[in-house]
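**Q** A predicted structure for the sequence below; I have some questions about it.
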Amino acid sequence: MGIPAIEKPEMNAKEGKELISVALDSMTDEMVVELARKAVSAIELLDDILQPETISLLRKLPETGKSLENTLDMLQTLEQTDTLKTLIELGEMASSLKASITNTMVTDLTEKAISGIELADDLLQQGGLEMVQGMTNAFAKAEQNMKSTDQAPSLRQIVHSLKDPEVRKGLGLMIAFLKLLPSELDKTTKQGS
């Protein structure tokens, strides 16, 4: 069972002109103004669309269609998992933080960052990195030695270890460090004030 074909009556040129004439005669002034306004809007829209940039974008659309489809799928997934909402909230928070930072705060942060860089430079020039690596290596080895024995050293073993020149050298360094620490801390506290 097919759909019957709709027959189109043939219209000759004379009948067409008469139909157009009747349609134009039946239009009011307001209808003509409104039709003209819509025609102008349509022409302006076409003018905007027919700009070289727009035509270039329209030509790229088929090439980027798959990419746009993937992007829309990802956006939909982000929205469904509330990740998009979280990202928007993080953006708003960052914007608020940015707006609340004053010039004084930026200056203080910059001064602290510069002081930190100067301290790191001083430590590196004085061999601080090597010292820290040496201390961490020594600590790791000492920890391994302590794990290999089941019990803590006795007082007698501690006193006996003082005969070892390396132990005495390490204790001497610690005592010298502890002796100098308060005066160095006082200097830095006074410089910071």
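**A** Good, I have the coordinates.
**Q** so what's the residue count around residue 84?
**A** 15 (other Cβ atoms under 10 Å). From N, CA and C alone the C-beta is placed, and that goes for glycine too.
**Q** and it, what does it touch?
**A** 75, 78 (Cβ atoms under 8 Å, 6 or more residues apart in numbering).
**Q** gap between it and residue 76?
**A** Going from residue 84 to residue 76 by Cβ to Cβ, to the nearest Å gives 9 Å.
**Q** ok, now residue 165?
**A** 72 Å.
**Q** neighbour count winner among these two?
**A** Taking other Cβ under 10 Å, residue 165 and residue 76 do not tie; residue 76 has more neighbours (11 against 8).
**Q** tell me which element the more buried one falls in.
**A** helix 52-80 (DSSP states H and E).
**Q** output the contacting helices and strands for that helix.
**A** helix 83-100 (3 or more Cβ pairs under 8 Å, 6 or more residues apart in numbering; DSSP states H and E).
**Q** after the helix it packs on, which helix or strand is next? Please name it.
**A** Next in line after helix 83-100, if elements are assigned by DSSP H and E, sits helix 103-125.
**Q** after that next one, next one along is what?
**A** helix 128-148.
**Q** who's in contact with that next one?
**A** 122, 123, 152.
**Q** measure residue 27 to residue 14 for me?
**A** 21 Å.
**Q** the more surrounded of those two?
**A** residue 27 (11 against 8).
**Q** give me the nearest residue to the more buried one, chain neighbours excluded.
**A** With sequence-adjacent residues excluded and distances taken as Cβ to Cβ, 6 or more residues apart in numbering, residue 27 is closest to residue 35, at 7.6 Å.
**Q** how many other residues sit next to the one you found?
**A** The burial count for residue 35: 11, using other Cβ under 10 Å.
**Q** could you grab the helix/strand/coil label for it?
**A** Classification of residue 35 using DSSP: H, G, I helix; E, B strand; the rest coil returns helix.
**Q** and it, what's its pLDDT?
**A** Note on residue 35: pLDDT of 84.
**Q** that one and residue 29, how far apart?
**A** Residue 35 is 11 Å from residue 29, by Cβ to Cβ.
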